[in-house]
Every structure is written in C-alpha cells, then in structure tokens.
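# Sharing a model prediction with you, sequence too.
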Amino acid sequence: MRFFNSLIIVLVLLLFSSTCIAAQDTQQQQIELKNCTKVSLETSMGRIVVALYNDTPIHRDNFIKLVKEGYYDGLLFHRVINEFMIQGGDPTSRDADSTAMLGSGGPGYTLPAEIKFPEHYHKRGALAAARTGDSTNPNRRSSGSQFYIVTGSRIDNQALGMIEMRLESQVCQNIFVNLVEQHRDSLMQLQASGDTAAVVHAQQQLAAETKAIYTKNPAFYSAEMKKTYTTVGGAPHLDAQYTVFGEVIEGMDVVDRIQQVETNAANRPKHDVKIIKATIVE
C-alpha cells in the first residue's frame, strides 16, 4: 500500500511537469435550447422557467417525471445563500415546521452523475443537482430530487485563473488515479520484482495515457466562459463536480429576489419561499 501511494505521488509530479494543463482553448459548445423541455416553477415570489438539457437525459427525464407527479408542488426553497444559489426539492420541506432541519430528504434513490464540463458549467442561472459530498459519495451521484439554481457573483480574472488551474489538476488527477487503480495488480507485481526500470517505464506509460485521455476532453475555460464568469457571474468552484442539467430562461429576477430573503443560521428563509406548482411548458 505504501508503494502504491508513493507511485500515485510520483505520477502526479510526472504528469504535471508535462503539458497536461496547457490544453489549448476552444470555443464552448453551443447549447441549443429551443428543442429542450421547459418547466415552469410557480413560486410564492413569482414564476421561474427552466430549460432542461437534452445531453443529460437521466436528470432531464427524472425531473420531468417528478414534475408530472406533482412531487415539487408545495416544497420549499429550504437553503438560500445570497450571491451563491437557491436550493429546493427536499420532500420533507412540505408543511415543515419552522424549526425543522431540512436538506436530507429525497425520493429514495440517487442518479448517476452526468457531469458535462466544459459544455455545461455553473454560470449564473445554471440548474444543477444537489448531492452529498465526495467522502461518502465518490461517484458524485446526484440527489433524486434536490436541485439548486446558481446566482453566484462576478469573478475576477486572477481568481478564475486559480480555479481553472485547480480544476485542470483535479481532472487530470482523477484520470490517472483511475488508470493506476486499473493496473494495480501489475504495478504491485513490478514493485515486488525490484525492477526499477520497469517501474519507471510504467509510470511514463500511465502519464502518457492520462495526457492522451485529457487532451480529448480538456478542462479549461473558453474565452466565452471567462467573459460570462467575469461579467455576469456564477460559481466556478463547483464546475466538473456537480451535474448541471439545465438553466433559467425566464424569471431570473425572481431567483434574485429569493436569494436576498432573510435566512436563519441554517440558511433557511425565515419566511417560507414555496414552489406552489411545477408544470411542463407545452
């Protein structure tokens, strides 16, 4: 185990001394919204309309199913943080007492991650699935019902650059750690053989394979994304970690009013903000 952990450290150093992080910028994939399913959320503070992305079909279809079942009707936006996001979809929030601790409820299932970065990112107005943390949820499965809408704030170029470096490093590290796991047995055999040259060669091969995989789908911010984050805002520190499956197309002013309400220590609005009715827009 000690050798295995040391090998990962060596691979990190080897990989990030290469050009993995220096992926060239490309144009952001354009999101076609006109053919997307739209959902109207009639709230106690106004109407919000979201479009559901077609390339996150599991989350799209699940959201549509729950809307048609009336699942969201009467639920609260139970977690609201100004200049960050508003969150809802916890079934235990329906008719909840003002002292109830909310945020852990769901439909009894989770959804596999559909993280499509950089196609979808945490710009202002993004609709994303809430989830539990990596320590208990390493596969980043989404809550079956809880969602959040990003409000965020504008990010300066320096801060965005630091976030981008961490993001690129994280994506590359995840790739090669998965590769090392796949080759664990053969790597342990190499270590046991004492063949140092073979171990070094294996390190180089894994680093090269990681770079090749990363290059096919690099994690970086395009010029358009940078402009969005610096002029409109969002929450880039969440990118590539949560499934973004839609965006607000009407009613962002309502979202802004919700994010500004007074909240308690648990970030729950002191006066309930309710989803009165969720419907599919025909």
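That came through, no problem.

# average pLDDT for stretch 55-62?
The average pLDDT for stretch 55-62 rounds to 98.

# And that stretch, what's buried?
56, 59, 60, 62 (16 or more other CB atoms under 10 Å). All C-beta atoms are positioned from the backbone trio N, CA, C, and that covers glycine.

# what's the answer for stretch 205-219, then?
206, 207, 210, 211, 213, 214, 218, 219.

# Can you tell me the SS state at residue 205?
Following DSSP: H, G, I helix; E, B strand; the rest coil, the label given to residue 205 is helix.

# ok, so of the buried residues of stretch 205-219, who is nearest residue 106?
residue 219 (28.9 Å; CB to CB).

# For the closest one, which non-adjacent residue is spatially closest?
Nearest non-adjacent residue to residue 219, counting by CB to CB, 6 or more residues apart in numbering: residue 171, 4.1 Å away.

# Now the buried residues of stretch 55-62 in TSV, please, with extra columns for distance to residue 94 and secondary structure.
Output for these, formatted as TSV (distance: CB to CB, whole Å; DSSP: H, G, I helix; E, B strand; the rest coil):
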residue	distance to residue 94	secondary structure
56	26	coil
59	22	helix
60	24	helix
62	19	helix
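
# Could you export those as JSON lines, including distance to residue 46?
Compiled in JSON lines, these are given as follows (distance: CB to CB, whole Å):
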{"residue": "56", "distance to residue 46": "26"}
{"residue": "59", "distance to residue 46": "24"}
{"residue": "60", "distance to residue 46": "24"}
{"residue": "62", "distance to residue 46": "25"}
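
# Specify which member of those is nearest to residue 86.
Closest to residue 86 out of those is residue 59 (17.9 Å), distances taken as CB to CB.

# what helix or strand is the residue nearest to the closest one when sequence neighbours are not counted on?
For residue 59, ignoring the flanking residues on the chain, the nearest one in space by CB to CB, 6+ apart is residue 245 at 3.8 Å. If you go by DSSP states H and E, residue 245 is part of strand 244-250.

# tell me the average confidence for that strand?
Mean pLDDT, strand 244-250: 98.

# can you count the residues close to residue 220?
Residue 220 has 19 neighbours, counted by other CB atoms under 10 Å.

# One more: the one 10 residues further on?
Counted with other CB under 10 Å, the neighbours of residue 230 add up to 16.

# so how far is residue 159 from it?
Using CB to CB, to the nearest Å, we find residue 230 at a distance of 9 Å from residue 159.

# cool, and residue 253?
When residue 253 is compared with residue 159 (using CB to CB), they lie 26 Å apart.

# Which of these two has more residues huddled nearby?
Neighbour comparison, residue 253 and residue 159: the larger count goes to residue 159, with 14 against 11 (by other CB under 10 Å).

# going on from the host helix or strand of that one, what's the next piece of helix or strand?
According to DSSP H and E, residue 159 maps onto helix 157-182. Counting by DSSP H and E, the next helix or strand C-terminal to helix 157-182 is helix 184-193.

# helices and strands around that following helix, which ones?
When contacts are defined as 3 or more CB pairs under 8 Å, 6 or more residues apart in numbering; DSSP states H and E, helix 184-193 packs onto helix 2-16, helix 196-216.

# For the shortest one, what does the pLDDT average out to?
The reference is to helix 2-16. Averaging pLDDT along helix 2-16 gives 53.

# Pull the contacting residues for the residue nearest to residue 68 when sequence neighbours are not counted.
Of all residues not flanking residue 68 in the chain, residue 280 sits nearest, at 6.8 Å (CB to CB, 6+ apart). Listed by CB atoms under 8 Å, 6 or more residues apart in numbering, the contact set of residue 280 reads 37, 38, 39, 40, 64, 67, 68.
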